[in-house]
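> coords below, sequence missing:
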Ligand code: M6R
């Protein structure tokens, strides 16, 4: 049932505080440690891994891009994140020293499952992050970590994404503690910050006016561009996918630093640009990119942390999110983009939950 909401997508967006909370907090023991139920890698296993691959499709791939950041930061092992349908047919160097992490809400995606099987045959350790108990991917993986998002019905993935990122971060933290690449202090401190996420997501859900206003500005447009750097570029890809699949507006995500290498030619009077500027160390760079598009007439709507008020001088509209750690911010910052997609879709009178031509789980190649 839709539990009083007009569609599953909106219900599922609203279930994210709870989904993130369940995925994280129900696994924290009395000493404040995360318990990775379903994962049994020892320090020896971790020492044996010299490369990690995160492979997935669509939104799960976008979560995997963020997982790469966390694993590289904490575990200090090189990580390659790729799209399953590309990875399958590439010379990917997977071997017995590889850990292959498959991320899949449904656990049934054909290309992701094929990568699991190929990688297993090559002797890699296989870890699945999935939302569906008993799914094909969960049955065939060596290690399974479940997102506790609850059933996701809408074709557009929302709560699966935020719980997948949460899971990847939890895994990165625990592996790093086990391997000795982070201090216990940093570990506990990060967990404490993660515990604040449900409340921060809730505060975005409670303040939707700006998001609605932005939706009104883009509903009749043909193209929307999403810009970001680093973590924000991964987020831009997710925001863009969400918008295009439920609103049928052509949207693209660009790395802001690539603007001058071609993209900026597309900007004309009134072109909507959603600029994601949540990263402290890249903030000034983003501001100057926003200035560049604004000078060419773009309508700039930005997403920024509350304390970064200086985005206002280069934005037509600002959607503020609560201040967050740079690494954790995507779990909060994606929510306004999910809502934006939802609003545009409903304003256009479209079927939000079942966009044309799409299926919830892609079991054909
Ligand atoms: O079930 P999976 O996580 O393996 O599905 C992957 C993609 O098909 C899925 O995320 C798709 O991109 C969604 N429609 C995005 O909203």
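Arrived safely, thanks for sending. Everything quoted here is computed from the prediction, not taken from an experiment.
> what about the closest residue to the ligand within the chain, neighbour count?
Of all residues in the chain, residue 58 sits closest to the ligand, with a separation of 1.9 Å (CB to the nearest ligand atom). Where you see a C-beta, it was placed from the backbone N, CA and C, and this is true even at glycine. Each residue near residue 58 was counted by other CB atoms under 10 Å, and the total is 23.
> and it, how close does it get to residue 269?
Distance, residue 58 to residue 269, using CB to CB, to the nearest Å: 33 Å.
> quick check: residues of the stretch 101-250 of the chain near the ligand?
With CB under 6 Å from any ligand atom as the criterion, the stretch 101-250 of the chain meets the ligand at residues 104, 105, 106, 109, 112, 155, 156, 157, 241, 245.
> okay, and the fifth one sits in which element?
Using DSSP states H and E, residue 112 falls within helix 110-121.
> following that helix, which helix or strand comes up?
Using DSSP H and E, the helix or strand that follows helix 110-121 in sequence is strand 125-130.
> what residues of the next helix or strand after that following strand count as buried?
Remark: after strand 125-130, the chain's next helix or strand is helix 136-140, criterion DSSP H and E. With burial defined by 16 or more other CB atoms under 10 Å, the residues of helix 136-140 counted as buried are 136, 137, 138, 140.
> in a helix, residue 39, correct?
No: counting by DSSP: H, G, I helix; E, B strand; the rest coil, residue 39 falls outside a helix, being coil.
> quick one, phi/psi of the nearest residue to it once chain neighbours are set aside?
Closest residue in space to residue 39, ignoring its immediate chain neighbours: residue 143 at 4.6 Å, by CB to CB, 6 or more residues apart in numbering. Per-residue torsions, residue 143: phi -130, psi 140 (degrees, to the nearest 10).
> now do residue 28
phi -100, psi 130.
> tell me which stretches of the stretch 1-150 of the chain form strands.
With DSSP state E, counting those that start in this stretch applied, the stretch 1-150 of the chain shows strands at 51-56, 79-83, 98-104, 125-130, 143-146, listed in chain order.
> tell me the strands beside the longest one, with direction?
So that's strand 98-104. Take DSSP bridges as the rule and strand 98-104 pairs in its sheet with strand 51-56 (parallel), strand 125-130 (parallel).
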